[in-house]
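Participant: here you go, sequence then predicted model.
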Amino acid sequence: MKLLKLQQKMPKLFLSWISLLIIFLVPKINLGKNILEINYLEDVQISIITCDPGEEIYSLFGHSALRINHQKGKQDIVVNWGIFEYDENQLSFGYKFAKGRLNYYMGIQNTSDFLKEYVYFQRGVREQLLNLSASEKEEILKFVDENYKPENRNYKYEFFFDNCSTRVRELLKTIFKSELKWGSHSLENKKTFRDLIHQNLVSQPWLMLGIDLVLGKRIDQNVSNENLMFLPEYLESIIDSTTISSNQITKNLVAKKTVLIPSKNKSKTKTKSVSLYGWIILVVTILGLFLQQEKIVNSWTAVLLSLTGVLGIVLCFMWIGTDHQATKDNLNILWANPFHLYIVWVIISKKWNKFSLVCIIIFGFILLATILFWFGMVQDFNDTIKPIIISLALIFFYYYRKNKIVIYNANK
C-alpha cells in the first residue's frame, strides 16, 4: 500500500483512523513462511493473546490472537485474524463495508511488531500459555498452516459470529473436539448480545445509539456460554477454566498466564446520555401542538418525518441490501418508516385525501401498538428512541383530527 498516495485521496477525517489500521494492524507477512518448518516441538510455546479495548472505534471491544513462540529457533510470531482487505478506492471500500462484503483475513507478523500498537496506546496485553503435548502442538501448527494458504486465508467477517475471537475458539474446538470442556461463565444465558456490547460503549453514547438503530432483534437473544466468546474478554475468562480430558486424564488448558503489557486500568468514563435529546424532541412536539401554530407545526413535522423517513430507507437497505446478519429483522422500521416521506410531501403540498388519511391512521396504530407493547418487544429500543416514538404518535393523531372532517366534507 502506498500510504502517501492514499493521503492525497482520502479526507483527513477518514485518514485519521484508517491510517492507524494500516500502520498497526497490517502485518509484515512473510508469504514464504511455512509454520511446519518448526522443529523440536518441545521448545515451541503456543498461547492465546488477549488485548484490552482501546478508545478508538475499531478497538472498543479488544482483540484476540494466537502466539507461536519457538525460542530456540528464534521464531516468535502472532497469528492474527483481525486484518481486513483495504481498497485504495475509497468508494469501493466504503461500499464493501456497508454491504457486509469486506473480507478479513488471517495474517502473520512478528510478536514485537504486533505489540507496538498496544505499547503506543497503553493497552494491556495478557498471554495464556496453553498446556499442550507435542502432538497437540503439531495439530495446531498444521491447522494454522492450512488456514494460511491463500485459498483459505480470507473470510467474511461477522462481528457476533465470525471474528478474531471466534476464530481462536473454533481452532480449539477443531483440535480437541469432544475432549474440550469449556469453563462456565457467570453471564451464560443472562445477557443479550446488545447488553454485552453496551458495556463497551458507555463512553460512546452516540455510537451506542447508532448501533442500536441499525442492529435488529437477532442480537436481543440471550447469549450462550460458547457465544460469549465473540468478545475477547469472555474468551479469555472462559479459557482460564477450560479443561481437556483424554484417556481418563484431565488437565487445564491454560498452563500459565502472563502479563505482557500491564493494563492502565482506565475506567470507562460514562458520558451524559443522549436520551435527553429524545425528551427535548417530545417537549418541542407537545409545545408546538399545544400552541396550534400551523406553520410551526408543519415545519417541525416535515423535519421530523423527513429524518425518520431517510433513516427508514437506510434501515431497509441494511436489512435487505446487505449481507450483515445482525441488521436484519430490525423493528426500528416500525417508527422510522420510509413512507413518512410521503406524508411530508402531503403536508408541504397540502394535498390531503382519503389515501393520505388512511396512511396516517395506519402509521398511528403501528406507533400506538409499539408504545403499548415495547416492554414485551423482542427487540430492545434505545432509550433515546422512546420519546421520539411518542412524539410521532402525537403528530399523526393531530393530523388525523385536523384533516378527517376536511376530507369528509370535500367528498360529500
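Facilitator: That came in fine, so what should we check first?
Participant: how about the strands of the stretch 151-300 of the chain, start to end?
Facilitator: 154-156, 180-181, 243-246, 249-252, 254-261 (DSSP state E, counting those that start in this stretch).
Participant: where exactly do the helices run in the stretch 301-412 of the chain?
Facilitator: Along the stretch 301-412 of the chain, the segments classed as helices by DSSP state H, counting those that start in this stretch run 340-349, 354-373, 385-410.
Participant: thinking again about what came up before, let's have the strands of the stretch 151-300 of the chain in a markdown table, adding mean pLDDT, distance to residue 225 and mean neighbour count.
Facilitator: In this view, the C-beta of every residue, glycine as well, is placed from N, C-alpha and C. Shown next, in a markdown table, are those (pLDDT from 0 to 100; distance: least, C-beta to C-beta, whole Å; neighbours: other C-beta atoms under 10 Å):
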| stretch | mean pLDDT | distance to residue 225 | mean neighbour count |
| --- | --- | --- | --- |
| strand 154-156 | 88 | 23 | 13 |
| strand 180-181 | 95 | 11 | 16 |
| strand 243-246 | 92 | 14 | 15 |
| strand 249-252 | 92 | 17 | 12 |
| strand 254-261 | 95 | 17 | 14 |
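Participant: tell me which of these lies nearest to residue 320.
Facilitator: Residue 320 lies closest to strand 154-156 among those, at 17.8 Å (C-beta to C-beta).
Participant: ramachandran coordinates for residue 130?
Facilitator: phi -80, psi 140 (degrees, to the nearest 10).
Participant: residues contacting it?
Facilitator: 46, 47, 48, 253, 254, 255 (C-beta atoms under 8 Å, 6 or more residues apart in numbering).
Participant: hmm, back to that, what would the strands of the stretch 151-300 of the chain look like in CSV with distance to residue 205?
Facilitator: Shown next, in CSV, are the strands of the stretch 151-300 of the chain (distance: least, C-beta to C-beta, whole Å):
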stretch, distance to residue 205
strand 154-156, 30
strand 180-181, 39
strand 243-246, 40
strand 249-252, 40
strand 254-261, 29
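Participant: out of these, flag the one nearest residue 396.
Facilitator: strand 154-156 (40.6 Å).
Participant: can you tell me the strand partners of that closest one and which way each runs?
Facilitator: According to DSSP bridges, strand 154-156 forms sheet pairs with strand 103-110 (antiparallel).
Participant: restrict the strand it pairs with to CA atoms and write it as CSV.
Facilitator: These are the backbone C-alpha positions of strand 103-110, laid out as CSV (Å, rounded to 0.1, in the frame of the first residue of the first chain):
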residue,chain,number,x,y,z
ASN,A,103,-13.2,-9.6,3.5
TYR,A,104,-11.0,-10.2,6.6
TYR,A,105,-8.0,-12.5,6.5
MET,A,106,-5.5,-14.3,8.7
GLY,A,107,-2.1,-12.6,8.8
ILE,A,108,1.2,-13.5,10.4
GLN,A,109,3.6,-10.9,12.0
ASN,A,110,6.4,-10.8,14.4
